[in-house]
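A.B. asks: could you work out the structure for the sequence below:
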Amino acid sequence: MQQAPSSRDHPAHLALDWTQWVWPGPRRVFSEEELARAGQQPWPVSIDLYVLSNVLVLLAINVPELPRQWAGWISAGVLAVLALVLGLARTLWRRPSRRRLNLISYAAVLAFVLATLPISHPELASPEWIARLKAHREAVTFLAMFGMSAFLVTYTSFLFLTVMRAQQIEARLRELDEQAHALKLARRLASAQMQPHFLFNTLASVQHWVDTQDPRAGSTLRAFTQYLRATLPMFERESLSLAEELQIVRSYLEVMQARLGERLRWALEIEPGLDEVVVPPGLLLTLAENAIGHGIEPALRGGRVVVRAWRQDQQVMLEVEDDGMGLNSVEPVERLGLSNSRDRLRQLHGEQARLSLLPRAPGALAQVQIPWAAAAGVPAA
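C.D. replies: Numbers count the residues shown, from 1 in each chain. Below is the predicted model of the structure:
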């Protein structure tokens, strides 16, 4: 006889959570780090305006039906409760917590019970209070029903707001995780695009020079070792300092100069004080590789590559310029490295960061603009 499946055989999402009957709300508990990572979306002021306008309409309709001596007090009390409710809603918006939702809800239930206790149990009130209740029985009954309805609407709204906000934060965290994963894949893709042909060509050159006892073998191998030491771990990091990136570029240019000889001349023109500027790993390396691969190597006369970095107003400017063949020699398929670099630059520094490829006569200019506050991690001056 086949045994019935146990509860452990059922998927977790099909299990009924009985605690939701007495302690409803989202199960996910967000840490301070997760809330900071998701960012704080501003409270929609339109909710305040919508709720306030509806409450004012209800007061305008119902207050004339109440005893005149009660009208002012009831209106002031309703508006005070409204301010408290909207304040609690903002609290739930900032931190949508199941615990916080239920503490607020049960506290509101207790306050409502205490407020209506003289109505439900007149024997607990003074004779004078009982006489007033009897004199205005209809108004008191209306206020009690109105208060209960308002409580149910408020509680339902709080529950909906908390669940919706929790789902919103969860969606934002998933989006950030997907972006981080895409950025990691982009870094690995950029590594795969930059390294293979450069590695093989350099190793082939070193092997040839060793076989022919060419003195260039030793210096090239030393520069190549420095390059590998700097680049092998860098694509596991989300960012590098400009000083680290320039060290990689310098090692690369030294290797390429050993291979190309007098056909390649290069220079680094770096303004002091920019060492800690943050850039995507391999950003300038990709631009330098493009300048040499598509500008200098195809030109019989060779050429010069200049890497520049300086601060201009509230921008950090990075440039890689060559006087080689120019943009006409760049095939569309070979621009994928620049496309990936542009995507990684925007993911790290936002939409205001730009990478442009401009024609020069002769040659080409790759220019990067990064907002100073984003690049240096400090408020703009």
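A.B. asks: got any ranges where the stretch 251-381 of the chain has weak pLDDT?
C.D. replies: Scanning the stretch 251-381 of the chain for pLDDT under 70 picks out the ranges 328-337, 377-381.
A.B. asks: which residue ranges of it form helices?
C.D. replies: With DSSP state H, counting those that start in this stretch, the ranges of helices along the stretch 251-381 of the chain come out as 283-291, 336-349, 372-376.
A.B. asks: how about CSV for those, with distance to L161 and mean neighbour count added?
C.D. replies: Quick note: C-beta positions are derived from backbone N, CA and C, even for glycine. As requested, those are arranged in CSV below (distance: least, C-beta to C-beta, whole Å; neighbours: other C-beta atoms under 10 Å):
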stretch, distance to L161, mean neighbour count
helix 283-291, 43, 25
helix 336-349, 31, 18
helix 372-376, 33, 19
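A.B. asks: can you redo those as a markdown table with distance to V153?
C.D. replies: Listed next are the helices of the stretch 251-381 of the chain as a markdown table, based on distance: least, C-beta to C-beta, whole Å:
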| stretch | distance to V153 |
| --- | --- |
| helix 283-291 | 54 |
| helix 336-349 | 43 |
| helix 372-376 | 45 |
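A.B. asks: L16 is nearest to which of those helices?
C.D. replies: Closest of the helices of the stretch 251-381 of the chain to L16 is helix 336-349, at 41.3 Å (criterion: C-beta to C-beta).
A.B. asks: can you give the domain ranges for this structure?
C.D. replies: 29-174, 215-376 (automatic domain parsing).
A.B. asks: tell me which of the ones you listed sits most buried.
C.D. replies: Of all those, domain 215-376 carries the top mean neighbour count, a mean of 18, counting by mean count of other C-beta atoms under 10 Å.
A.B. asks: any idea how far apart the tips of that domain sit?
C.D. replies: Start to finish, the residues bounding domain 215-376 are 42 Å apart (C-alpha to C-alpha, to the nearest Å).
A.B. asks: return the distance of that domain from the chain's centre.
C.D. replies: 27 Å (C-alpha atoms, centre = their mean, to the nearest Å).
A.B. asks: for L357, what are its contacts?
C.D. replies: Residues in contact with L357 (C-beta atoms under 8 Å, 6 or more residues apart in numbering) are L327, R335, L338, A364, L365, A366, Q367.
A.B. asks: among those residues, which ones are in strands?
C.D. replies: Within these, residues falling in strands by DSSP state E are A364, L365, A366, Q367.
A.B. asks: for the domains of the chain, which one sits closest to A182?
C.D. replies: The nearest among those, by C-beta to C-beta, is domain 215-376 at 7.8 Å.
A.B. asks: next, name the residue at the spatial heart of the chain.
C.D. replies: In the chain, the residue lying closest to the centroid (C-alpha atoms, centre = their mean) is L176, at 5.5 Å.
A.B. asks: from L345, how far off is that residue?
C.D. replies: L176 sits 18 Å away from L345, going by C-beta to C-beta, to the nearest Å.
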